[in-house]
Structures are given as structure tokens and as C-alpha cells.
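Asker: next input, structure requested:
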Amino acid sequence: MSPTDLLPLLADPTRLRCVALLAVEGELCVCELTAALAVAQPKVSRHLALLRDAAVVADRRDGRWIHYRLHPALPGWARRVVDEIAAATSEESSFADDRARLAAMAGRPTRLCCPA
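Answerer: Predicted structure coming up:
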């Protein structure tokens, strides 16, 4: 992966918000990301598929639910970029709102949002 691969992916606000949440939260399921971003599940899934195909995120299936995290093989420079973006956006309203919606989500942190 090169900067010319990563940066265009992060230029999209939905993908950037997903990656920033994953950098802070670790692993999240699609329903958590959908609730946090307040967008339709197909839109979140479409953006996550692009990130997965580029090896920015990795997924794990648990029954019918898919959980995402930053890819463990993400190069160190790319992880530092993602971490810096997450820190830099932490006070911006849209990113703070995402985290607030996620924190307010019923069933967290027990993952009851994703029953099998």
C-alpha cells in the first residue's frame, strides 16, 4: 500500500468516519457503524467493502454479522496516519456525534445490537 492508495480512500467522509471509529474503538460490527454514522446499512457496507478490498480494514464473520477492524497488516506509516486523523478529528462535530451515537446505542458494550 502506498499513500496514493490510502489517501483517496480516506478522502470520502463516510470511509473516513468508519476508519476513525475503528481506530478508536477497535472492532465494530456493521450495525454499530450504521448506528454511529446514522446512514443506511447498504451505504456503510459498500464503503467497508472498498476499505476491505484495499486491505485497510479486515472483517470477521460471526453468524450473520460482520465485524470490522483496522487490518492487522496495515503498514506502520498508514496506521500512524489513521491514528493522527482519528486524534485530529476527535473534536469535530460529525466525528464527536458518531462517537456519541455509538456510546448511546442500546446494548453496548455487550454487543446486543447484533443478536445471532
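Asker: show me what secondary structure element comes after whichever strand or helix holds Leu28.
Answerer: Element membership for Leu28 (DSSP states H and E) is strand 27-29. Once the chain leaves strand 27-29, the next helix or strand it forms, by DSSP H and E, is helix 30-37.
Asker: show me what the strand holding Leu28 is packed up against.
Answerer: If you count contacts as 3 or more C-beta pairs under 8 Å, 6 or more residues apart in numbering; DSSP states H and E, strand 27-29 packs onto strand 65-70. To be clear about C-beta, it is placed using only N, CA and C from the backbone, and glycine gets the same treatment.
Asker: contacts for the following helix or strand past the strand it packs on next, please.
Answerer: Moving toward the C-terminus from strand 65-70, the next helix or strand (DSSP H and E) is helix 76-89. The contact list for helix 76-89, computed with C-beta atoms under 8 Å, 6 or more residues apart in numbering, reads 1, 6, 10, 16, 19-20, 23-24, 56, 70, 74, 95.
Asker: contacts only, for the residue most central in space within the chain.
Answerer: For the chain, the residue sitting closest to the mean C-alpha position, by C-alpha atoms, centre = their mean, is Cys18 at 2.9 Å. Neighbouring residues of Cys18 by C-beta under 8 Å, 6+ apart: 33, 37, 44, 47-48, 51, 57, 68.
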